[in-house]
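> This is a predicted model, with the sequence first.
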Amino acid sequence: MRISCSAVLFDLDGVLVDSTGHVERQWREWAAKRGLEADRFVRVCHGRRALETIRLAAPELDAEAEVARFAEFVVEDGRSLQPLPGARELLERLPAGLWAVITSSVRASAVRRLREAGLRVPAVLIAAEDVVHGKPHPEGYLLAAERLDVPAAGCVVIEDAPAGIEAAQRAGMRTLALAGTHAAPELHAADLVIARLPAAVSRPIDEAVELLVPSLAGCS
């Protein structure tokens, strides 16, 4: 399947970098040291900033205070992060001004993960501290489109979590859901569910991006 768009917007964890397990281990470590049940945070953390995750999973906590101290409880585990299959090749072929990363991680962590996985750091990187409202609010994706100077309706978003899919759709963007972090049925709201990242891109004369998308399952 060929999909043309003005720009490609990526989530980071579970889309470009194989860091899903890394993120879950950090939440489990934090919860254990705080004497909290980890599963309720792990169930909702993917695609969300720490602030929204804590507010959703444990509304009795002071989320802002917890986030401010989060680094005290979490230590990098030293495991090397790898890119998702096809990520490096895809980013190398995308024109620099026609793609961006929108992540719920803080900027320092996002840049570190990209570099550790051997991936390009984009000119436009929207991180947790760049927005007032995290996913599933559309603010991050709309800000990325604005900074790329492309229309929101012309963007294609590649996400791996329901919260991110909702954010992109609320921004008026088309969505490709990469199965992995969540099973395909959990991603049914996306325009299309894919098994792996697009294998190739081209740059037509009109400055658009063309993705060659391997389809796993179409979604209405």
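Here it is on my side, so go on. Numbering: from 1, shown residues only.
> Just the mean pLDDT for the longest helix belonging to the chain, thanks.
Ordering each helix of the chain by length in residues (DSSP state H) puts helix 20-34 first. Average pLDDT, helix 20-34: 86.
> Just the buried residues of that helix, please?
20, 22, 23, 24, 25, 26, 27, 28, 30, 31 (16 or more other C-beta atoms under 10 Å). For the C-beta atoms, the positions are set from N, CA and C on the backbone; glycine is no exception.
> could you dump those residues to CSV with distance to residue 180?
As requested, the buried residues of helix 20-34 are exported to CSV (distance: C-beta to C-beta, whole Å):
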residue, distance to residue 180
20, 7
22, 14
23, 13
24, 13
25, 17
26, 18
27, 18
28, 19
30, 23
31, 23
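> so which of these comes closest to residue 80?
residue 22 (10.1 Å; C-beta to C-beta).
> so that closest one touches residue 80, yeah?
No. With contact defined as C-beta atoms under 8 Å, residue 22 does not reach residue 80; the gap is 10.1 Å.
> residues in contact with residue 160?
Residues in contact with residue 160 (C-beta atoms under 8 Å, 6 or more residues apart in numbering) are 11, 13-15, 20, 46-47, 177-182, 187.
> now residue 8
By C-beta under 8 Å, 6+ apart, residue 8 lies in contact with 94, 98, 99, 155, 156, 157, 158, 201, 209, 211.
> right, and the helix or strand after the strand or helix carrying the fifth one?
Put plainly, it is residue 156. Assigned by DSSP states H and E, residue 156 belongs to strand 155-159. Going down the chain from strand 155-159, the next helix or strand is helix 162-170, by DSSP H and E.
> Give me the mean pLDDT for that next one.
So the average pLDDT for helix 162-170 ends up being 96.
> how about it: buried residues?
Across helix 162-170, burial judged by 16+ other C-beta under 10 Å covers 162, 163, 164, 165, 166, 167, 168, 169.
> And for stretch 151-158?
Buried residues in stretch 151-158, counted by 16+ other C-beta under 10 Å: 152, 154, 155, 156, 157, 158.
> isn't the fourth one right up against residue 171?
No. Checked against C-beta under 8 Å, the pair residue 156 and residue 171 is beyond contact range at 11.6 Å.
> Against which helices or strands is the longest helix of the chain packed?
Applying 3 or more C-beta pairs under 8 Å, 6 or more residues apart in numbering; DSSP states H and E, one finds that helix 20-34 contacts helix 39-45, helix 70-73.
> how about the helices in the chain?
Using DSSP H, the helices of the chain run over residues 20-34, 39-45, 50-57, 63-68, 70-73, 87-93, 107-116, 139-148, 162-170.
> Any idea which of the ones you listed gets closest to residue 124?
Of all the helices of the chain, helix 139-148 comes closest under C-beta to C-beta, at 4.7 Å.
> for residue 54, what are its contacts?
By C-beta under 8 Å, 6+ apart, the neighbours of residue 54 are 41, 61, 63, 66, 67.
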